[in-house]
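Trainee: sequence first, predicted model second:
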Amino acid sequence: MKKISYIFLLCSSFFLNSSFSQNNQNAQDIFKENLAVFEKLANGEDANLNSIYEARGFLIRITGISYEMEKSFDMPILPPQQTLNEWKTWFEKNKERLYWHKRKKEVRVKNK
């Protein structure tokens, strides 16, 4: 009986860890997709205005790194290269803390 319990715990642990790893990877992929919107713009490629606006809000919400806009209206303007670099650096330092919150259906950052 102890052997069966041990096997069950081992299997449960494996599935929970792989599920968490998958959620973690999905959250990282979502972050990279949002960052890619601005990288494409910086390279002169076109992007949908809605995707720019959503990517900007996502990256600011997740990282806490914002930038001043050139105009006083709330339109997503390409951030300076310094901000793109700060977002990339933040991601490299914190990517393991990103996860998908199932109930809220959004990417979140785990507390340290």
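Mentor: That came through fine. Numbering: from 1, shown residues only.

Trainee: mind listing the strands for the protein?
Mentor: Counting by DSSP state E, the chain has strands at residues 98-101, 106-109.

Trainee: any chance of these in JSON lines, with mean pLDDT and distance to Gln81 too?
Mentor: C-beta: built from backbone N, CA, C; applies to glycine. As requested, the strands of the chain are arranged in JSON lines below (pLDDT from 0 to 100; distance: least, CB to CB, whole Å):
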{"stretch": "strand 98-101", "mean pLDDT": "94", "distance to Gln81": "23"}
{"stretch": "strand 106-109", "mean pLDDT": "96", "distance to Gln81": "24"}
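
Trainee: now tabulate the ones you listed in a markdown table and tack on distance to Ala36.
Mentor: A markdown table is the format used below for the strands of the chain (distance: least, CB to CB, whole Å):
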| stretch | distance to Ala36 |
| --- | --- |
| strand 98-101 | 16 |
| strand 106-109 | 15 |
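
Trainee: could I get the ones you listed as TSV with mean neighbour count and distance to Ser51?
Mentor: Output for these, formatted as TSV (neighbours: other CB atoms under 10 Å; distance: least, CB to CB, whole Å):
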stretch	mean neighbour count	distance to Ser51
strand 98-101	17	20
strand 106-109	16	16
